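# Build me a model from this:
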Amino acid sequence: MTGNGSDPEAASEDSRLVSLEERLDRAEAAEAKRTAVNAGPESDANYRLGNRVLAELLGGLIGGGLFGWLIDRFADTSPWGLLVMLFMGIVVAFRNIIRLTTTPRK
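As a prediction, the model looks like this:
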């Protein structure tokens, strides 16, 4: 009979479920505490800085490559315009990244 509360199997199942729910609650509380420490204004600022560094690097590479390709296309200096401008784009990107990371942030 599963309808009444005197079934020993149902009672042991209920105690296991209660124990499982307690452990899940403790694990969720611990996870919430752990993620609350990392989710603050500092982590948001670091995320923005990382995106800015990535944008500077990609912009320098793509911009230098595009300008070099255009120079090669119109001046018929292939591949030297592309190589020189790509190198200059990398140099400018790294200069901007160094400037970003060494200046104090607000």
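
# So residue 69 sits against residue 81, correct?
Yes. The criterion here is Cβ atoms under 8 Å, and residue 69 meets it with residue 81 at 7.5 Å. C-beta here means a position set from N, CA and C on the backbone, and glycine is covered the same way.

# And the residue nearest the centre of the protein?
The residue lying closest to the centre of the chain (Cα atoms, centre = their mean) is residue 47, at 6.6 Å.

# rewinding a little: so for residue 69 and residue 81, which sits in the more crowded spot?
Taking other Cβ atoms under 10 Å, residue 69 and residue 81 do not tie; residue 81 has more neighbours (19 against 16).

# tell me which element that one falls in.
helix 80-102 (DSSP states H and E).

# thinking again about what came up before, what is the helix or strand that contains the residue nearest to the centre of the chain packed up against?
Per DSSP H and E, residue 47 falls inside helix 41-75. Where contact means 3 or more Cβ pairs under 8 Å, 6 or more residues apart in numbering; DSSP states H and E, helix 41-75 is packed against helix 80-102.

# Which strands or helices does the lowest-mean-pLDDT helix or strand in the chain pack on?
Among the helical and strand segments of the chain, the one scoring lowest on mean pLDDT, DSSP states H and E is helix 8-38, with a mean of 82. For helix 8-38, there is no helix or strand it packs on, judged by 3+ Cβ pairs under 8 Å, 6+ apart.
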